[in-house]
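Trainee: Show me the folded form of this:
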Amino acid sequence: MKKFVESEQSGRSMVEMLGVLAIIGVLSVGGISGYSKAMAKYKINQCLDQISTLIVNIRSVFVNQTSFADATTANIIALGIPTADMLNADGTAMVNPFNGAITITPGTGSTSFKVTYAGFDKNTCQSIALADWGAAASSGLISLQINNSTAHTWGGTDAALPLSIAKAATECANDTNTNSITWEYR
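Mentor: Model (predicted):
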């Protein structure tokens, strides 16, 4: 007498596998998007830290000087003021986390200095411009200028500090990585 063996199929169907792959794809896209946003936020925070550190270091070095006439990018690099993450590969220029240039120049009448960060997209420019740069003129901040707009000053009328969201949105209008921000400190 012959015995029939009943067999159960094991394994997955093609439809089930395609479903699993679709779920993995959706999760991957979400993960990549989240990673991109996290990296942008990290770079903005790193940029804010760099700016604050650079300003404090410049003010410390020039504390006994009568002017900031020698506050130039080349002199600042020669004095070793920038941190390693602010220098390009050969140490001859300063760059920010967004690979834009950092420049230092004497301010108006050499009684102040200017720090310019370039290479920001619109959203980054707005985030950095709206950061807390001091509660009043006593912080040492004289002005903040986005691109080549009017410099925003404490007590200014049309261009006042702290910067309004509307002004930041208007002045950081470039969608490409061509926005720049200049801070003038004493």
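Trainee: CA atoms of the helix or strand containing residue 115 as CSV?
Mentor: Residue 115 is part of strand 113-120, with elements assigned from DSSP states H and E. As requested, the backbone C-alpha atoms of strand 113-120 are provided in CSV (Å, rounded to 0.1, in the frame of the first residue of the first chain):
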residue,chain,number,x,y,z
PHE,A,113,36.3,94.3,13.8
LYS,A,114,34.0,92.4,11.4
VAL,A,115,33.6,88.7,11.1
THR,A,116,31.9,87.5,7.9
TYR,A,117,30.6,83.9,7.3
ALA,A,118,29.6,83.1,3.7
GLY,A,119,28.2,80.2,1.8
PHE,A,120,24.8,79.8,3.5
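Trainee: From the contact counts, what lies against it?
Mentor: When contacts are defined as 3 or more CB pairs under 8 Å, 6 or more residues apart in numbering; DSSP states H and E, strand 113-120 sits against helix 14-61, strand 101-106, strand 179-185. From N, CA and C alone the C-beta is placed, and that goes for glycine too.
Trainee: quick one, it and strand 179-185 angle?
Mentor: For strand 113-120 and strand 179-185, the angle between their directions (axes from the mean of the first three to the mean of the last three CA atoms, to 10 degrees) works out to 160 degrees.
Trainee: Given strand 113-120, what are its sheet partners and their directions?
Mentor: In the sheet containing strand 113-120, the strands it pairs with under DSSP bridges are strand 101-106 (antiparallel), strand 179-185 (antiparallel).
Trainee: Quick check, central residue of this protein?
Mentor: Closest to where the C-alpha atoms of the chain average out (CA atoms, centre = their mean) is residue 44, at 3.5 Å.
Trainee: now it: how far from residue 123?
Mentor: Applying CB to CB, to the nearest Å, the value for residue 44 to residue 123 is 9 Å.
Trainee: Quick check: neighbours shared by the two?
Mentor: Shared between the contact lists of residue 44 and residue 123 (criterion: CB atoms under 8 Å, 6 or more residues apart in numbering) there are no residues.
Trainee: Let me know how buried residue 88 is, in neighbour terms.
Mentor: Residue 88 sits with 13 neighbouring residues when counted by other CB atoms under 10 Å.
Trainee: thinking again about what came up before, surely the residue nearest to the centre of the chain meets residue 129?
Mentor: No. When contacts are counted by CB atoms under 8 Å, residue 44 is not listed as touching residue 129 (11.1 Å).
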